[in-house]
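Novice: Can you look at this prediction? I've put the sequence above it.
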Amino acid sequence: MRRYRILTWQVHGNYLYYLTQAPHDFLVLSKPGCPPGYGGRNGALPWGANVHDLPVDRVRETAFDCIVYQSLAHYQKDADELLTDAQRRLPAIYLEHDPPLGHPTNTVHPVTDPAMMIVHVTHYNALMWDCAHVPTRVIEHGVVVPAGARYTGELARGVAVINHLQRRGRRLGADVFARWRDLVPMDLFGMAAEDSGGLRELPYARLMQAIGRYRFYAHPVRYTSLALALCEAMMIGLPVVGLATTELPRIIAASGGGYVDSDVGRLVDVSRRLLRDPAEAAAMGRAARAYAREQFAIERFVADWHRALTEIVGA
């Protein structure tokens, strides 16, 4: 198997960590002070030896096989300012993390080059974007959780993990979470969770162990991609209670690992039922875990990415 050298950015740290489980070398752009998008190997994640910092002032002198863009700014601005003409002509993938944030059905994707490939992280995202004639693939999430992380459900509370909930507002369901938490005991983790009355951010390994103690995982999100934190929670064995939006209804229907509804009142009723009945919550959680171990297996994720990279580099 050929080992590729891949230029990319750190946009979503956990996603990049899972992507770098693939047996290739990843050159991650960095700038002094690690501003957003240019963090290199920065952070507490246990980066592998195949992940390398690449200072932006050394890009033009560095050889690589392909590029994985992960944001519009990097695709439009960095490509012009940081890369040589020859590097810009290298095989490239645009990894699309989100559904369209403009019109939900009529937004044309900014990548229009049919020599590239757009990789969507959910089938819902692929459905909503108008990608015209650009080749597309869906590579669903793959996650790994620490061996010691397991579901006990001993805390009769719900838990959500959402970064910057207050800043991201209604799209991530800040108002839904506030209303829900007024009626059901719940805790919030994630970056700047304290701004929304949540708990302080925990390192990844400790967070995975901490959420396993909660009775269910709450997902108040109106419109975004499928959260990695939700996949990780299912992998641990938490049942999911959430809004029936984007990709989540398909996953709950296929797994039996939770409950979704567009009526917040019914989410409250189900939450209270799970708090009263830990056996029902545990049964849902076992179904969630069985589904996640197959659907979100890191081996499947890595294989899907290797096929996409081989296709684009070979082309």
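Specialist: Perfect, I can see it now.

Novice: so what does the worst-scoring helix or strand of the chain on mean pLDDT touch, helix or strand wise?
Specialist: The least trusted helix or strand in the chain, going by mean pLDDT, DSSP states H and E, turns out to be helix 204-211, with a mean of 92. Counting contacts by 3 or more CB pairs under 8 Å, 6 or more residues apart in numbering; DSSP states H and E, helix 204-211 packs against strand 155-161, strand 186-189, helix 228-236. To be clear about C-beta, it is placed using only N, CA and C from the backbone, and glycine gets the same treatment.

Novice: Pick the most deeply packed of the ones you listed.
Specialist: Highest mean neighbour count of the helices and strands packed on helix 204-211: helix 228-236, a mean of 25 (counted as mean count of other CB atoms under 10 Å).

Novice: List the pairing partners of whatever helix or strand comes next after that helix within its sheet, with orientation.
Specialist: Using DSSP states H and E, the helix or strand that follows helix 228-236 towards the C-terminus is strand 240-243. The pairing partners recorded for strand 240-243 under DSSP bridges are strand 214-219 (parallel), strand 258-261 (parallel).

Novice: In a markdown table, list the helices and strands packed on helix 204-211 along with distance to Thr136.
Specialist: Listed next are the helices and strands packed on helix 204-211 as a markdown table, based on distance: least, CB to CB, whole Å:
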| stretch | distance to Thr136 |
| --- | --- |
| strand 155-161 | 29 |
| strand 186-189 | 33 |
| helix 228-236 | 21 |
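
Novice: Tell me the spacing between the most centrally placed residue in the chain and Val161.
Specialist: Central residue of the chain (CA atoms, centre = their mean): Leu228, 3.8 Å from the mean position. Separation of Leu228 from Val161 (CB to CB, to the nearest Å): 9 Å.

Novice: His103 now?
Specialist: 29 Å.

Novice: got it, and Ala288?
Specialist: Counting by CB to CB, the gap from Ala288 to Val161 is 15 Å.

Novice: Leu309 now?
Specialist: Taking CB to CB as the measure, Leu309 falls 29 Å from Val161.

Novice: Can you check which of the helices and strands packed on helix 204-211 gets nearest to Ala281?
Specialist: The minimum distance between Ala281 and those falls on strand 155-161, with 9.5 Å, by CB to CB.

Novice: ok and that closest one relative to helix 204-211, angle-wise?
Specialist: Here the directions of strand 155-161 and helix 204-211 differ by 140 degrees (axes from the mean of the first three to the mean of the last three CA atoms, to 10 degrees).

Novice: tell me the mean pLDDT over strand 155-161?
Specialist: Mean pLDDT, strand 155-161: 98.

Novice: Same question for stretch 258-271.
Specialist: Here stretch 258-271 scores 98 as its mean pLDDT.

Novice: now the end-to-end length of that stretch.
Specialist: For stretch 258-271, the first-to-last residue distance is 10 Å (CA to CA, to the nearest Å).

Novice: likewise stretch 86-103?
Specialist: Terminal-residue distance, stretch 86-103 (CA to CA): 35 Å.

Novice: With stretch 145-165 instead?
Specialist: One end of stretch 145-165 to the other measures 23 Å (CA to CA).

Novice: Go ahead and measure how far that stretch is from the middle of the chain.
Specialist: 16 Å (CA atoms, centre = their mean, to the nearest Å).

Novice: Kindly report the same for stretch 159-171.
Specialist: 14 Å.

Novice: Name the surrounding residues that touch it.
Specialist: Stretch 159-171 is contacted from outside by 172-175, 177, 186-193, 195-196, 198, 207, 211, 214, 216-224, 227, 229-230, 233, 238, using CB atoms under 8 Å, 6 or more residues apart in numbering.
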